[in-house]
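1. Could you work out the structure for the sequence below:
(one chain, ligands or ions: 2)
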Amino acid sequence: MTLTVFNSLTRRQEPFTSLEPNKIRMYCCGITVYDYCHLGHGRTCLIWDVVRRYLQWRGYEVRYVQNFTDIDDKILKRAQTEGVSMEDISERFIDAYFEDMERLGIKKADAYPRATHALDGIQRLVSQLENKGYAYPAHGDVYYSVRQFPEYGKLSGRKLEDLKAGASGRLEESDPDAEKKRDPFDFALWKAAKPHEPSYPSPWGNGRPGWHIECSAMVKQELGDTIDIHVGGGDLMFPHHENEIAQSEAATGKPLARYWLHNGMVKVDGEKMSKSLGNFITLRDLLNSVDPIVVRLFILQAHYRKPLDFTEEGLEGARNGWKTLREGLRFKENYGKQLGWEDNPPTKSDETITQRFAEIVDDDFNFAGGLAILFELAKDLRKEGNLLVHQGKTEASAEELAVKWHTLTELADVFGLTVEIEETTSSQATTLSNEEVQTLIEKRAAARKEKNFAEADRIRDELTEKGVVLIDQPGGETRWYWEK
Ligand SMILES: Nc1ncnc2c1ncn2[C@@H]1O[C@H](COP(=O)(O)OP(=O)(O)OP(=O)(O)O)[C@@H](O)[C@H]1O
Ligand SMILES: [Zn+2]
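-> Numbering: from 1, shown residues only. Ligands and ions are numbered 1, 2, ... in the order given. So this is what the prediction gives:
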C-alpha cells in the first residue's frame, strides 16, 4: 500500500515518503485570533486533524504544530474598538478556539506557537535575510526583496512579470508602503512601531513582525529547517505560503517542506465564507443547533481539496448518514448481551475490509471513499440487528458480527466518528438505543390505554423522527424495526 498525496508544489499526485522513517513533521497555518471561528476555519482544522489521525493509524509518529497569529491589524483594531489590550482579545479568542474545536472533536496539536512568543526567532531570521541580501531596511520597516529569490512563484505558479501586468499599477496606489519598497511585490518582514500600538525592541527600532515571517520562524523553531508536510487553506497559497518559502529557503538554503497540501474553501452561494463578506456562521452557533458529529460528517463527505457548499440539504444528508453509522456503532450496546459478547468481547477487525479502506483513503485522503465502507458495514449491522430483534437470531455467527462491529468501530475512530463525541457534546441525540425504543413503545402503549392519544401520537412522531418504524399488531402488541 502506498499513500499518494496531491502536492501543490509539483501540481501532481505523488507517492508520500517521510524524511525520517515512520516520522512526520507537519505544520498547519492557524487562526488569526480576533473573532470566533466560523465553519470555514472549522473545516480547515478538522481536515488536517483527520489527516493527522489517518497518518498515525497508518503507523507514523506525527508531530503536528499549528500556530496562532496573535498580533495583527485586525486584532489591534478590535482591541481599540473595545478599549482593551491586544492580549485581552487574543486570549479571549484562543480560549474560544479551544472550546469550539473540542466540541467538534478535534485533537490538540502538539504545539501552538504564537507570534508574540516567537519574537527572538523572527528577528534572527530577519537579520539572516538582511545579511544574505534578501532583505533591506526602510524607515524602520524591513522588506523582503522578491527579486533576489529567483524561485519566487514556484508554489502558486505565478510569475512576477504576470502579476505586475495584472496589477497595472493599481497595487502601488493602494499600498501605503509603496514608497518604501524597491519593488511593489516586496513584503514587510518587520514593521516600524505606530503610535498607540504594541511594539517590541529590535535591531531596526521598535516595531512588530509582519505576518508571513512568523510561520517561517515557528516552523524552524518547532520542527526544523525542512518538514514533511505543510498544510493550510487554499486561500493561503498566494501570497502567504509563497512568502514563507521565499523567507525560509533563502535563509537556510534548504526546502521548507517536501509536500504542500491545501484544502478547499467552505462556500456560501459560491463565495468563500469569510468574516469580511459577512456570510459566515460561527462554529459555536452552528454547534448549538446541529450535532457536532453531523458537522464532522458533513465536512468529511466532501473531498478535502474541493470547495464545500454550506447548505441545509448537505447538512440533512450528513444527519441521515450519522443515523445509519450510529446504529452500527451502537450494535454492541444493543445486541452484545444477546450475542454473548460479555465473555468474548470483540477484539479483531476484518483484514480485507481494513486493507480496502486503507487503499481507498491512501488515494490523496479520499475520506468520502473511506466513509462509503463505513456505511456498508453499518447498513449490514442494521440488517442483522433487525433480524435479532424479530427472530432472535441471524444467519451470521456472533463472531462474524463481532468482527464486523469491531472493524466499523476501529475505522470510524480514524475519522473521529465515535458515539462518545456526540453524547458528550450534544443536547440532542439523533437516534435511540434499542432499550430506549422499547421504553418509548411501552409509554406509548400506556398512553393509549389511558386514551391519551395526543401523547401516544407525540411518541410515535418522535420514534419516526429517529428512524424507528412501528407496526401495530392486532391484539395491541407493537413491533418495530430500524428504518432502512
Ligand atoms: N471559508 C473558508 N473555508 C475553509 N478554510 C478557511 C475559510 N476561511 C478561512 N479558512 C482557513 O482558516 C485558517 C485561518 O485563517 P485566518 O485566521 O487567516 O482567517 P481568514 O482567512 O482571515 O478568515 P476570514 O476571511 O473569515 O476573516 C486558514 O488556513 C484559512 O485558509
Ligand atoms: Zn502560515
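
2. CA atoms for contacts and neighbours, from now on please.
-> OK.

3. hey, what's the closest residue in space to R12 that isn't next to it in sequence bridged with?
-> Take R12 and drop its neighbours on the chain: the residue closest to it by C-alpha to C-alpha, 6 or more residues apart in numbering is F6, 5.5 Å away. F6 has these beta-bridge partners by DSSP bridges: Q13.

4. doesn't D364 make contact with F6?
-> Yes - between F6 and D364 there is a contact at 6.1 Å, judged by C-alpha atoms under 8 Å.

5. what touches both of the two?
-> Q13 (C-alpha atoms under 8 Å, 6 or more residues apart in numbering).

6. S202 versus W211, what's the distance?
-> 16 Å (C-alpha to C-alpha, to the nearest Å).

7. of those two, who's got more company?
-> When neighbours are counted by other C-alpha atoms under 10 Å, W211 and S202 differ, and W211 comes out ahead with 22 against 16.

8. from memory that one sits against D72, does it?
-> Yes - counting by C-alpha under 8 Å, D72 is a contact partner of W211 at 7.4 Å.

9. interface residues of this structure facing ligand 1?
-> Residues of the chain lying close to ligand 1 (C-alpha under 6 Å from any ligand atom) are 29-32, 40-41, 43-44, 232-236, 265-267, 272-276.

10. buried stuff in stretch 93-113?
-> Within stretch 93-113, the residues that count as buried by 16 or more other C-alpha atoms under 10 Å are 93-94, 96-97, 100-101, 103-107, 109, 113.

11. can you redo the residues you listed as JSON lines with pLDDT?
-> Output for these, formatted as JSON lines (pLDDT from 0 to 100):
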{"residue": "F93", "pLDDT": "98"}
{"residue": "I94", "pLDDT": "98"}
{"residue": "A96", "pLDDT": "98"}
{"residue": "Y97", "pLDDT": "98"}
{"residue": "D100", "pLDDT": "97"}
{"residue": "M101", "pLDDT": "97"}
{"residue": "R103", "pLDDT": "95"}
{"residue": "L104", "pLDDT": "95"}
{"residue": "G105", "pLDDT": "95"}
{"residue": "I106", "pLDDT": "97"}
{"residue": "K107", "pLDDT": "97"}
{"residue": "A109", "pLDDT": "98"}
{"residue": "P113", "pLDDT": "98"}
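
12. ok, and which of those residues reach ligand 2?
-> Among the buried residues of stretch 93-113, no residue sits close to ligand 2 (C-alpha under 5 Å from the ion).

13. Quick one: neighbours of the residue in the chain that ligand 2 sits nearest to, just the number.
-> Nearest residue of the chain to ligand 2, counting by C-alpha to the ion: C29, 4.0 Å away. Using other C-alpha under 10 Å, C29 has 21 other residues around it.

14. Could you list the residues in contact with the helix or strand that contains it?
-> Using DSSP states H and E, C29 falls within strand 23-32. By C-alpha under 8 Å, 6+ apart, the list of residues contacting strand 23-32 from outside reads 18, 41, 48, 60-70, 72, 75, 215, 219, 223, 227-232.

15. Report the next helix or strand after that strand in sequence order.
-> helix 39-57.

16. which other helices and strands contact the next helix or strand after that next one?
-> Downstream of helix 39-57, the next assigned helix or strand under DSSP H and E is strand 61-69. Judged by 3 or more C-alpha pairs under 8 Å, 6 or more residues apart in numbering; DSSP states H and E, strand 61-69 is in contact with strand 23-32, helix 39-57, helix 211-223.

17. can you list contacts of the helix or strand following strand 61-69?
-> Downstream of strand 61-69, the first helix or strand assigned by DSSP H and E is helix 73-82. Contact with helix 73-82 is made by 32-34, 85-86, 88-90, 197, as judged by C-alpha under 8 Å, 6+ apart.

18. List every C-alpha atom in stretch 464-476, with coordinates, as PDB.
-> What follows is stretch 464-476, C-alpha atoms only, in PDB (Å, rounded to 0.1, in the frame of the first residue of the first chain):
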ATOM      1  CA  THR A 464     -40.500   8.000  13.400                       C
ATOM      2  CA  GLU A 465     -38.200  11.100  13.500                       C
ATOM      3  CA  LYS A 466     -35.400   8.900  15.000                       C
ATOM      4  CA  GLY A 467     -35.700   6.200  12.300                       C
ATOM      5  CA  VAL A 468     -38.000   3.700  14.100                       C
ATOM      6  CA  VAL A 469     -40.800   2.100  12.100                       C
ATOM      7  CA  LEU A 470     -43.700   0.900  14.200                       C
ATOM      8  CA  ILE A 471     -46.100  -1.900  13.300                       C
ATOM      9  CA  ASP A 472     -49.200  -2.200  15.500                       C
ATOM     10  CA  GLN A 473     -50.300  -5.800  15.600                       C
ATOM     11  CA  PRO A 474     -53.900  -6.900  16.100                       C
ATOM     12  CA  GLY A 475     -54.200  -7.600  19.900                       C
ATOM     13  CA  GLY A 476     -52.300  -4.400  20.900                       C
END
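
19. tell me the mean pLDDT for it?
-> For stretch 464-476, mean pLDDT is 86.

20. what does stretch 309-325 give?
-> 95.

21. outside of stretch 3-16, which residues touch it?
-> By C-alpha under 8 Å, 6+ apart, the list of residues contacting stretch 3-16 reads 2, 154-156, 259-262, 362-365.

22. whoops, I mixed them up, stretch 56-70
-> Contacts of stretch 56-70 (C-alpha under 8 Å, 6+ apart): 22-33, 52, 55, 87, 90, 94, 109-116, 211, 215, 218, 222, 414.

23. List the buried residues in stretch 325-339.
-> 325-332, 334-336, 339.

24. Let me have those in a markdown table, adding secondary structure as columns.
-> Below are the buried residues of stretch 325-339 laid out as a markdown table (DSSP: H, G, I helix; E, B strand; the rest coil):
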| residue | secondary structure |
| --- | --- |
| L325 | helix |
| R326 | helix |
| E327 | helix |
| G328 | helix |
| L329 | helix |
| R330 | coil |
| F331 | helix |
| K332 | helix |
| N334 | helix |
| Y335 | helix |
| G336 | coil |
| L339 | coil |
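
25. okay, those in CSV with distance to E316 next?
-> CSV is the format used below for these (distance: C-alpha to C-alpha, whole Å):
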residue, distance to E316
L325, 14
R326, 15
E327, 17
G328, 19
L329, 20
R330, 21
F331, 23
K332, 26
N334, 25
Y335, 28
G336, 30
L339, 33
